[in-house]
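Enquirer: model this:
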Amino acid sequence: MAELTLDTARKILDAALAKGVEKKLKPLVVTILDARGAVKVTAAQDGTSLMRAEIAHGKAYGALALGMGSRALYQRAQEQAYFIDSVNTLAQGRLVPVPGGVLIMDGSTLLGAVGVSGDTSDNDETCAVAGIEAAGLKANAG
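Expert: Here you go, the predicted structure:
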């Protein structure tokens, strides 16, 4: 698979949302971007709060833009706050450097990223990883 197809993105989406239901999490938003940063699919469960879609997108976008899961971005923000702040300024505020943004890998090929928002960042990340793995791909959370 050289690119992320809509069918694969839907599998990731469905599995990520199913993981949230299984774990009885708060309502989630899942956004999946392809390798060039274009939205493949976004869905919000009933009851999500207003900014969840933007946060999910920011988690995926940050992971994709810097080539590392948003957990790694979070850790980097703790160690090098000025760097992450500068990059976020360059990205016009579109990065959300907290766990929940996970790179989608097919072997060593980057296919895109998943961003999940709605519950704790750790739970969001768990759902993103579950979705990617359910599609038979490798998750890189950070």
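Enquirer: which residue is nearest the centroid of this protein?
Expert: residue 115 (2.0 Å; Cα atoms, centre = their mean).
Enquirer: quick check: that one touching residue 60?
Expert: Yes - if you go by Cβ atoms under 8 Å, residue 115 and residue 60 touch, sitting 3.1 Å apart. All C-beta atoms are positioned from the backbone trio N, CA, C, and that covers glycine.
Enquirer: can you list residues touching both of the two?
Expert: 31-33, 101 (Cβ atoms under 8 Å, 6 or more residues apart in numbering).
Enquirer: figure out the helix or strand that the residue lying farthest from the centre of the chain lives in.
Expert: In the chain, counting by Cα atoms, centre = their mean, residue 82 sits farthest out from the average C-alpha position, at 22.9 Å. Using DSSP states H and E, residue 82 sits within helix 81-90.
Enquirer: show me what the helix or strand following that helix is packed against.
Expert: Sequence order places strand 101-106 as the next helix or strand after helix 81-90, per DSSP H and E. The contact analysis (3 or more Cβ pairs under 8 Å, 6 or more residues apart in numbering; DSSP states H and E) places strand 101-106 against helix 52-66, helix 70-79, strand 109-117, helix 121-134, strand 138-140.
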